[in-house]
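Peer 1: Pasting the sequence and the predicted model now:
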Amino acid sequence: MNPHDHTEDAEFEDFLKGEGDLARQLHDLPQPQPPEALSAAILARAAADMRGAGAESANDALHDAAPATPPARHYLRRARVPLGLAASAVFALFAVRVLMPQAVAPVAKESVVVAAAPVAEAPPPAIEIESAPSPAPKTVQHKRSVARPAAAADVAAAVADAEIAAAPTLAAPSILAEPPLQAAPAPLARMRAPVMADAASKPRPMSYFGAVAEDLPAPEWLDRMAEMLKAGQTKEAHAEWLKFRMRYPYAEVPPELQRQLQAIN
Amino acid sequence: MLSYRNGDLAAFEELYRRHSQGLYLFLAWRSPRREWVNDIMQDSWANLHQARARYEPGASFRTYLFQIARNRLIDLIRLNERVLLASDGGEEGWFEGVADGAHDSLAPDGQLERKQQTSRLHAMIRLLPVDQREALVLQQFNGMSLEEIAELVEAPVETVKSRLRYAMRRLRQELAPAAEEARA
């Protein structure tokens, strides 16, 4: 090792301690700051999640990834609707047969045919649900799609947007079109920290924050932001812009509008 | 983190206050696309929120948080390799803006000079190889120890040290002519 190496070693040690000219210049270097709207959105979302912990919400797909409640209880809660439907069908059948035996006999027969499948297959006691799983998941899926039409529409819109973006060229594949991350190699498997596998493997809107609630097509959304800028609502426009970018990360944006929106930050 | 894991919102706000700036600038320097930074930032905190029940004290919280963000970033890079090769992410303009905004309060002469210095340094850091830049940002801007960085990037401490040494050497070489000029 020559004296030059010793000198550099000493300089390097100083550098690691934040001493020396270069380290000082680096420490004084202006750095990008997180936009206020971004921080506000993250904090608001965390607050909302904590307040609503345990309650079903529009984002319960996210909670599914890390269930806060024991799985058995969660499953029973999901089965409330099919169980209720089955009980109603049994009661209706009973009422028709007992109260109007002659007058509606043919109708009752038809009812039996229609109602037989759910009544026979839906397990009355909750404990038996696991032993007859086939009808229950179907009903659960139906319940979910009924309960969250807006979320389903968002997903469909997001997928459609991804397809539109990818159609003319392969230059902009959307994050929405990611394959399941189980297939991804090295870092995902190696890291101990959680990855986004659960959420990313499902088609979903780009962000968990705010953008999910928006359901505007990209062109209309852009028009709205342009109007906001004209009206001098720059902060609001910037907040919309952040949401827009999360929702439509690869949407074509008129350069002038993009410049104006980015300049706000 | 343990308070937050048990549902203390104030604890989350404190964690955010302490680490949001560091995470944001790490992503800003590390992400090849400017428009990814906000998304990854949000995804990272959301994922942390979902995974909080599984957090186990042992690794530093900061390393844990940065790992979440880094994993997400690597996934995106991998999925968008072709796009990244074909286009520029616009970071140069972003950092120009940061440099402009930082020196607005100075007198015009000093302002121009400082802006140029800042822009030059920004550009040099961005030109460093990714591994070196990452180590530099984590060590110099975030104050992480070599061990923390090694854990985060999954490399031996000596490798991290070597990356930092190369980064320092390269920046010093690039800055040397400007320093000479200033002395003259």
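Peer 2: Received, thanks. This is a predicted model, so every value here is computed, not measured.
Peer 1: Buried residues, the helix or strand harbouring B:Ile149. List them.
Peer 2: In the assignment (DSSP states H and E), B:Ile149 maps to helix B:146-153. For helix B:146-153, the neighbour count (16 or more other C-beta atoms under 10 Å in any protein chain shown) marks B:146, B:148-153 as buried. All C-beta atoms are positioned from the backbone trio N, CA, C, and that covers glycine.
Peer 1: for stretch A:21-31, same thing?
Peer 2: For stretch A:21-31, by 16+ other C-beta under 10 Å, it's A:22-23, A:25-26, A:29-31.
Peer 1: Whichever helix or strand comes after the helix holding B:Ile149 near chain A anywhere?
Peer 2: With elements assigned by DSSP H and E, the helix or strand that comes after helix B:146-153 is helix B:157-183. Yes - for helix B:157-183 and chain A, the contact criterion (C-beta under 8 Å from any C-beta of the partner chain) is met by B:164-165, B:168-169, B:171-172, B:175, B:179.
Peer 1: Can you say which of these are buried?
Peer 2: The buried subset of the residues of helix B:157-183 next to chain A - by 16+ other C-beta under 10 Å - is B:164-165, B:168-169, B:171-172, B:175.
Peer 1: Any chance of CSV for the buried residues of helix B:146-153, columns pLDDT and distance to chain A?
Peer 2: As requested, the buried residues of helix B:146-153 are exported to CSV (pLDDT from 0 to 100; distance: C-beta to the nearest C-beta, whole Å):
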residue, pLDDT, distance to chain A
B:Leu146, 96, 8
B:Glu148, 94, 13
B:Ile149, 96, 11
B:Ala150, 96, 14
B:Glu151, 93, 9
B:Leu152, 94, 9
B:Val153, 95, 10
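Peer 1: where's the helix holding B:Ile149 relative to the chain centroid, distance-wise?
Peer 2: In terms of C-alpha atoms, centre = their mean, to the nearest Å, the centre of helix B:146-153 is found 14 Å from the chain centre.
Peer 1: That helix - contacts with which helices or strands?
Peer 2: Here helix B:146-153 touches helix B:61-79, helix B:130-136, helix B:157-183, going by 3 or more C-beta pairs under 8 Å, 6 or more residues apart in numbering or on different chains; DSSP states H and E.
Peer 1: now it and helix B:157-183, what's the angle there?
Peer 2: If you take axes from the mean of the first three to the mean of the last three C-alpha atoms, to 10 degrees, helix B:146-153 sits at 110 degrees to helix B:157-183.
Peer 1: Using pLDDT, spot the least trustworthy of the residues of helix B:157-183 next to chain A.
Peer 2: Least confident of the residues of helix B:157-183 next to chain A in the model: B:Ala179, at 66.
Peer 1: re earlier: Throw the buried ones among the residues of helix B:157-183 next to chain A into TSV and include distance to B:Gln132, thanks.
Peer 2: Converted to TSV, those look like this (distance: C-beta to C-beta, whole Å):
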residue	distance to B:Gln132
B:Leu164	7
B:Arg165	9
B:Met168	9
B:Arg169	10
B:Leu171	9
B:Arg172	13
B:Leu175	15
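Peer 1: picking up where we left off before, ranked by average pLDDT, which of the helices and strands packed on helix B:146-153 falls at the bottom?
Peer 2: Minimum mean pLDDT among the helices and strands packed on helix B:146-153: helix B:157-183, a mean of 86.
Peer 1: in what helix or strand does the most centrally placed residue in chain B lie?
Peer 2: Centroid-nearest residue in chain B: B:Phe26, 1.7 Å away (criterion: C-alpha atoms, centre = their mean). Here B:Phe26 is covered by helix B:9-30, with elements defined by DSSP H and E.
Peer 1: Give the other helices and strands that that helix contacts.
Peer 2: helix A:36-51, helix B:2-5, helix B:34-51, helix B:61-79, helix B:130-136.
Peer 1: In the third one, which residues are buried?
Peer 2: Right, helix B:34-51. So, applying 16+ other C-beta under 10 Å, buried residues of helix B:34-51: B:34, B:36-51.
Peer 1: Of those, which fall within the contact range of chain A?
Peer 2: B:36-39, B:41-43, B:45-47, B:49-51.
Peer 1: B:Tyr24 contacts A:Glu36, correct?
Peer 2: No - counting by C-beta atoms under 8 Å, B:Tyr24 stays clear of A:Glu36, with 12.0 Å between them.
Peer 1: Between the two, which is the more surrounded one?
Peer 2: Counted by other C-beta atoms under 10 Å in any protein chain shown, B:Tyr24 and A:Glu36 do not tie: B:Tyr24 has more neighbours, with 23 against 12.
Peer 1: What about B:Asn142? Give its phi and psi, please.
Peer 2: phi -110, psi -10 (degrees, to the nearest 10).
Peer 1: how much space is there between the closest residue to it other than its chain neighbours and B:Ala69?
Peer 2: Spatially, and ignoring its direct neighbours in sequence, B:Asn142 is nearest to B:Gly22 (4.6 Å; C-beta to C-beta, 6 or more residues apart in numbering or on different chains). As for B:Gly22, its distance to B:Ala69 is 10 Å (criterion: C-beta to C-beta, to the nearest Å).
Peer 1: Look at the two and report which has more neighbours.
Peer 2: Per other C-beta under 10 Å, whichever of B:Gly22 and B:Ala69 has more neighbours is B:Ala69, with 25 against 19.
Peer 1: you'd agree the more buried one is up against B:Met41?
Peer 2: Yes - counting by C-beta under 8 Å, B:Ala69 touches B:Met41, with 7.3 Å between them.
Peer 1: who touches both of these two?
Peer 2: Residues touching both B:Ala69 and B:Met41 (C-beta atoms under 8 Å, 6 or more residues apart in numbering or on different chains): B:23, B:27.
Peer 1: On the pLDDT front, check A:Pro125 for me.
Peer 2: Among the per-residue scores, A:Pro125 holds a pLDDT of 39.
Peer 1: do the one 4 residues further on as well
Peer 2: Reported pLDDT at A:Ile129 in the predicted model: 36.
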